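Enquirer: Here is a sequence together with a model predicted from it:
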Protein chains: 10
Amino acid sequence: MYTCREDVTEAIVIAKVGKNMNWADVALKIGRSKEWVTAACLGQMVFSPDEATKIVEIFELDVSAGPWLCAVPYKGTFDGGAPSDPLLYRWYEMLSVYGPAIKALIHEEFGDGIMSAIDFRMNIGREADPAGDRVNVTISGKFLPYKAY
Amino acid sequence: MYTCREDVTEAIVIAKVGKNMNWADVALKIGRSKEWVTAACLGQMVFSPDEATKIVEIFELDVSAGPWLCAVPYKGTFDGGAPSDPLLYRWYEMLSVYGPAIKALIHEEFGDGIMSAIDFRMNIGREADPAGDRVNVTISGKFLPYKAY
Amino acid sequence: MYTCREDVTEAIVIAKVGKNMNWADVALKIGRSKEWVTAACLGQMVFSPDEATKIVEIFELDVSAGPWLCAVPYKGTFDGGAPSDPLLYRWYEMLSVYGPAIKALIHEEFGDGIMSAIDFRMNIGREADPAGDRVNVTISGKFLPYKAY
Amino acid sequence: MYTCREDVTEAIVIAKVGKNMNWADVALKIGRSKEWVTAACLGQMVFSPDEATKIVEIFELDVSAGPWLCAVPYKGTFDGGAPSDPLLYRWYEMLSVYGPAIKALIHEEFGDGIMSAIDFRMNIGREADPAGDRVNVTISGKFLPYKAY
Amino acid sequence: MYTCREDVTEAIVIAKVGKNMNWADVALKIGRSKEWVTAACLGQMVFSPDEATKIVEIFELDVSAGPWLCAVPYKGTFDGGAPSDPLLYRWYEMLSVYGPAIKALIHEEFGDGIMSAIDFRMNIGREADPAGDRVNVTISGKFLPYKAY
Amino acid sequence: MYTCREDVTEAIVIAKVGKNMNWADVALKIGRSKEWVTAACLGQMVFSPDEATKIVEIFELDVSAGPWLCAVPYKGTFDGGAPSDPLLYRWYEMLSVYGPAIKALIHEEFGDGIMSAIDFRMNIGREADPAGDRVNVTISGKFLPYKAY
Amino acid sequence: MYTCREDVTEAIVIAKVGKNMNWADVALKIGRSKEWVTAACLGQMVFSPDEATKIVEIFELDVSAGPWLCAVPYKGTFDGGAPSDPLLYRWYEMLSVYGPAIKALIHEEFGDGIMSAIDFRMNIGREADPAGDRVNVTISGKFLPYKAY
Amino acid sequence: MYTCREDVTEAIVIAKVGKNMNWADVALKIGRSKEWVTAACLGQMVFSPDEATKIVEIFELDVSAGPWLCAVPYKGTFDGGAPSDPLLYRWYEMLSVYGPAIKALIHEEFGDGIMSAIDFRMNIGREADPAGDRVNVTISGKFLPYKAY
Amino acid sequence: MYTCREDVTEAIVIAKVGKNMNWADVALKIGRSKEWVTAACLGQMVFSPDEATKIVEIFELDVSAGPWLCAVPYKGTFDGGAPSDPLLYRWYEMLSVYGPAIKALIHEEFGDGIMSAIDFRMNIGREADPAGDRVNVTISGKFLPYKAY
Amino acid sequence: MYTCREDVTEAIVIAKVGKNMNWADVALKIGRSKEWVTAACLGQMVFSPDEATKIVEIFELDVSAGPWLCAVPYKGTFDGGAPSDPLLYRWYEMLSVYGPAIKALIHEEFGDGIMSAIDFRMNIGREADPAGDRVNVTISGKFLPYKAY
């Protein structure tokens, strides 16, 4: 029986490593983007009851995982160092909430390594939207693999 | 006479606010992206000597600003709280180096407010590149304006 | 057998998630406000013996929970960063003591999301009171839901 | 000549103390709430050009204050200790951005002292709003004056 | 079998809450002040062998508690933030060592609440003593109870 | 002209050291306790206008000091490390607000040295008071002088 | 069954100490440098499936260690204090990622002690490389042994 | 007149940027390695009186710089985060003392950019030395240039 | 079976308290100074295989303790706050590595209490030594006992 | 005119470096130990009026330095990281108060370098004293010089 969301997250990660599963495949089965599903599996988002049932099946979890997957978790993964400015903070929070998913998905696609912050480009633009305009940002960084020697 | 890069950055910001200038216009005159030019004006990148000369003219700086604009600065704007994992750190560094430019450019385009981390979407993909494949990320967050009351 | 108040709090949260209970209903059964009861269930307030008995029944706790629910706990949930000014500190403490209850009650009413600090209004006033005038504050922030994508 | 928003804020505070002015009166002249105007005077919000002109007159500031009052400032007044959970963070940010204004307005109305976090009540409710429902919170704390002895 | 002083302290607190005991009564049985005995029971002071035997009986501890109660513990309960000045530090240390006892004894006498630092008076004086004069301090703060609502 | 309360505090300390004045004498002239007056002179309390006038005369300050002495200051002198429990925090705040005054008064009476936290006794009691019972604490610590060698 | 990479690392270290094994020998069996293999065994690098199989054999681990040794770990061993400058940060990260391996290998070769940072020389040079020039650094520090007394 | 070593360091850096000088040339004139001379110019080492005289000439400093260049400075440039283990600490100190020189010399040779900690190799060996064996380390990391876009 | 050096240290401390042993006696049996032996027993130094065998016998440890006592441990007991200057750091490290031994030995000799830093003298001298001169320091501080009351 | 003790300390250090003076000579003129006098000159101890007069003469200070040298300063030079245990803290405080003097005196006697914490011995003993027994500690560490290369 799981006693908190962290227990469920740990069980998901153990199942994924043990069975050599793929976040992108999990996302396909849930029917949502790989970014959101990975963040949710890593404990940062709330699943609907139907989605939670699928997650329990996919990772062969104890059925007690269901309610935890549907309960709002304590989110964020960073300690200290948050910038006080509200605009900068939202970016920092994005990293704190999505960081483990970003790491997991880049490693899934590229293997061990990093996305360069030196060989790097960024573009910030406006996307008109009737529900309120959006800030659109595209980021491009070269992937640099760790190599054994 | 300026005695460090921080002095030059401060002088640029004072000139920009006093003359009500625009980062996008400055970038046009330099002939580079607004993202890179703003980060460079805010003290995070190195200008070429020609670019430095233009910056001195645009912001009507003392001529002693030139060499500082061409010298490699101590970069980054965040204190503490960096994640130890190299992949996550590169994203954190991107925020530490580009943060003031991101803030400046979103405010220039949208006014006072924030880019939402709640009404938010992210997509991570691979861009093939002969010089080494790149991680491409697109981020979309609703702009939420501060309103006076 | 519980060996500290934190054990009892954890058991209450496990019961609540497992049985899909509602803080507002618990408060009704105790006969106090949902704000105080939620804070108390989350380990920040002292129950009377009668209230403690009800809490044990409602959440089907081991009977050893009773004395812990009536003992004064070590309160507060925030680490570091407290402002030194006494007036500001009282607000910070309010957040440290009531924070988990605020989070729980907003999620109970609205689901996963946040209360905006941007689309936000605050009003501070005086309420005359023979036992000493009170500061009354009303705060209004738009609820912004997380949406899956 | 002011060289940053902090200079302007300092000049406003010096003028206010020296002339024994009142935040509520300033707000009246600006035509907005005392909460927003005080936060803005203390460097956390952006004035419109007309409002900035009035602020310069009211506090008899150097005219160079105008553009700084209309530029988006680096906001927030708290260092470290921010909770990582997004819902809790919004409350913490509210305190970080509005804290100096809250302190100033309670002292203006009640004199030196604090708003009690012990003799304290809180109520959280939902306000229906066609533009999106809002979280409404009312807080009531006894004012406790410092007394000389 | 206890494996450190912290284990013994935890067992004492569990016994006290479970049996609804009273620090003042424990002190009477030990024959010392309630302040010292409470601090010692909470792990900050060293008992003599005879006192340790009594503590084992009073709280019905395992006999292995005896040697731990007579061994000098690692003292202090505060993390970080100590003032560097030696005079101020001694006061901070007093709070770090006696803090849990102060909290326990005020709650025992008054119930849940705080001793006000606002409705507060302090007096510092000299007490002549042949073994070296002493600093005598008296502090008086109004007790403010938490009330349920 | 002073531009903040800290400037006034600094000027008071310079005057006191330069003229070899005595906090107890200042308190006598103000007609209040030496503890409160020293804390107020060191920037932690608010003087009445009449008291402020006297302080300006006693320390021969610029007349612009008056309004700052009557304005509510940002209080507290400790950074970080505050305990989260409200009861313990009030004691910590007492030390943060009164610390410099405690240090000044013990040095004034005893010279350089410290009040021992080892050769130390504490007593906590209840004082009945129609306006609400008070917690009375007496603390006694041996004075230990620094000696040159 | 191991439930995370840290479990596998711990098991490797226990096996190594218990069997008095040698990192250099392990590296030989894996067919890579002792620096990379030690860092990988200590949880900072990713093994190929074949290498992982050998590691399981060498240290007689449970077979469930295999997938963890091939999964990308959360890397780095330092908390806080990272310099914000990107160039300096890369050196700090090198120490954070390779630190435990550096310590293990110097102790393996020299016994308990340190590499002096006082009796120390450093040389920084350029190595031409068609895939991009490299920074080559040689560091020489006297080994200073701890001696029992 | 300089009033501390930091003043002299600042003057050296201003002179170097203003005159577009080169650390390697300075080292040649002093007759020592570029690594040691750069670290010394940046305030981390002690010059002999003759060397100090040359430094004053090279950078055209005020003559009062001499004694400061010969006095032992407070060394190190990192705040917090030091590992407690003595072997690891020596490496951290090497970075804290030599960090600014490492940064300066890599930028002098390669321009703006970083030395990769990903495309990276390290080798640790023993150098026999009659005065006590030495730890020799060679590090190789690809240089990655920042590019404007 | 012990799984790390910390386990062995804990077992030594439990044995010592349970059997009321004496560090000085242990040192005698090992044939080294009490300062070094206590530091080593508390996990900061490396025993030779013969010494380790004796330690296992003296404290009646499981035989698996042997290899851990001979392996180089991660040393130091202080978190954060290290001074960056190399000379000051060595003193800080001495305290971090030897601190628990210093505490244990003073308590063994004097009972509960402290060594005064106020009634205190220090002398720093040079001891000629053919292997390199040594800094000799003598420190004398009055012992102040805690007394029960 | 000096406005705080820190100003006087800075002036002493400037005078000493500029005139190439010697702490041991200053101590001789004052008639006290070099350890105490250096600590006092560096702002950590209180001079008697006669000693203060001599200090003003020796370092040719402005006469306003006198009262500051006789006033009790805010002592200590370390930020954060203090151990909470009172015995360990006294040693840490000794380092915080005497650290700059220790550094100055070792450099004066030995030049630039450090006192080794590796090639190091410590002895702790009891000195009988009618005014209360003392803890005597002797420490011996090899001096390791920085060498230019």
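Expert: Here it is on my side, so go on. Given the structure is predicted, the values throughout are model-derived calculations rather than measurements.

Enquirer: Name the strands paired with the longest strand anywhere in chain A and say parallel or antiparallel.
Expert: Longest strand of chain A, by residue count under DSSP state E: strand A:113-127. Here strand A:113-127 has these sheet partners by DSSP bridges: strand A:134-145 (antiparallel).

Enquirer: next one: the strand it pairs with to chain centre, how far?
Expert: 16 Å (C-alpha atoms, centre = their mean, to the nearest Å).

Enquirer: repeat for stretch A:139-149
Expert: Relative to its parent chain, stretch A:139-149 has a centroid offset of 20 Å by C-alpha atoms, centre = their mean.

Enquirer: what's the model's confidence in it, averaged?
Expert: What stretch A:139-149 shows for mean pLDDT is 96.

Enquirer: Which of the helices or strands spans A:T3?
Expert: In the assignment (DSSP states H and E), A:T3 maps to no helix and no strand.

Enquirer: pLDDT wise, what is the residue lying closest to it once chain neighbours are set aside at?
Expert: In space, and not counting its chain neighbours, A:T3 is closest to C:I14: 5.3 Å by C-beta to C-beta, 6 or more residues apart in numbering or on different chains. C-beta here means a position set from N, CA and C on the backbone, and glycine is covered the same way. Turning to C:I14, the model gives it a pLDDT of 97.

Enquirer: list the buried ones in the helix or strand containing C:I14?
Expert: Using DSSP H and E, C:I14 sits in helix C:5-19. Going by neighbour count (16 or more other C-beta atoms under 10 Å in any protein chain shown), the buried part of helix C:5-19 is C:R5, C:D7, C:V8, C:T9, C:A11, C:I12, C:V13, C:I14, C:K16, C:V17, C:G18.

Enquirer: tell me the contacts of the third one?
Expert: If I follow you right, that is C:V8. C:V8 makes contact with C:Y2, C:G43, C:L61, C:A65, C:W68, C:L69 under the criterion C-beta atoms under 8 Å, 6 or more residues apart in numbering or on different chains.

Enquirer: what about whatever residue of chain A ends up closest to chain B, how many neighbours?
Expert: Among the residues of chain A, A:G81 lies closest to chain B, at 1.5 Å counting by C-beta to the nearest C-beta. A:G81 has 18 neighbours, counted by other C-beta atoms under 10 Å in any protein chain shown.

Enquirer: Pretty sure it sits in a helix.
Expert: No. Residue state for A:G81 (DSSP: H, G, I helix; E, B strand; the rest coil) corresponds to coil; a helix is not indicated.

Enquirer: how about the residues of chain A near chain G?
Expert: Within chain A, the residues that sit near chain G (C-beta under 8 Å from any C-beta of the partner chain) are A:10, A:13-14, A:17-18, A:20, A:80, A:103, A:107, A:111-112, A:117-118, A:146, A:148-149.

Enquirer: if we take the residues you listed, which one ends up nearest to G:V137?
Expert: G:V137 has its nearest neighbour among those in A:Y149, at 16.1 Å by C-beta to C-beta.

Enquirer: rewinding a little: which non-adjacent residue is nearest the residue of chain A closest to chain B?
Expert: Excluding the flanking residues, the one nearest A:G81 by C-beta to C-beta, 6+ apart is B:G81, at 1.5 Å.

Enquirer: and A:D79, what pLDDT?
Expert: So, for A:D79, pLDDT stands at 82.

Enquirer: Next, the contact list for the closest residue in space to it that isn't next to it in sequence, please.
Expert: Leaving aside its chain neighbours, A:D79 sits nearest to B:G81 (6.5 Å; criterion: C-beta to C-beta, 6+ apart). For B:G81, the contact set (C-beta under 8 Å, 6+ apart) comprises A:F78, A:D79, A:G80, A:G81, A:A82, G:G80.

Enquirer: how close does the fifth one sit to chain D?
Expert: This points to A:A82. Separation of A:A82 from chain D (C-beta to the nearest C-beta, to the nearest Å): 4 Å.

Enquirer: contacting residues around that residue?
Expert: With contact set as C-beta under 8 Å, 6+ apart, A:A82 has these partners: A:Y89, A:Y92, A:E93, B:G81, D:G80, D:A82, D:Y89.

Enquirer: Looking at those residues, which is nearest chain H?
Expert: The closest of those to chain H turns out to be B:G81 (C-beta to the nearest C-beta; 11.0 Å).

Enquirer: thought A:K29 was touching A:K54?
Expert: Yes. The pair A:K29 / A:K54 is scored as a contact, 6.2 Å apart, by C-beta atoms under 8 Å.

Enquirer: more crowded one of those two?
Expert: A:K54 (16 against 13).

Enquirer: Quick check on that one: phi, psi?
Expert: Here is the backbone geometry of A:K54 (degrees, to the nearest 10): phi -60, psi -40.

Enquirer: Tell me the spacing between it and chain D.
Expert: Using C-beta to the nearest C-beta, we find A:K54 at a distance of 25 Å from chain D.

Enquirer: For the residue in chain A that chain E sits nearest to, which non-adjacent residue is spatially closest?
Expert: Nearest residue of chain A to chain E (C-beta to the nearest C-beta) works out as A:G80 at 12.3 Å. Take A:G80 and drop its neighbours on the chain: the residue closest to it by C-beta to C-beta, 6+ apart is B:G81, 4.2 Å away.

Enquirer: what's the burial count for A:H107?
Expert: Residues near A:H107, counting by other C-beta under 10 Å, number 18.

Enquirer: Work out for me the element it sits within.
Expert: According to DSSP H and E, A:H107 maps onto helix A:86-110.

Enquirer: Then A:G66?
Expert: A:G66 belongs to helix A:65-70, assigned by DSSP H and E.

Enquirer: for that helix, what is the average pLDDT?
Expert: For helix A:65-70, mean pLDDT rounds to 97.

Enquirer: Show me what counts as buried in that helix.
Expert: A:A65, A:G66, A:P67, A:W68, A:L69, A:C70.

Enquirer: quick one: which of the residues you listed is nearest to A:A24?
Expert: Of all the buried residues of helix A:65-70, A:L69 has the smallest distance to A:A24: 19.5 Å, by C-beta to C-beta.

Enquirer: what's the closest non-adjacent residue to that closest one?
Expert: Distances taken as C-beta to C-beta, 6+ apart put A:A52 closest to A:L69, at 3.9 Å, once the chain neighbours are dropped.
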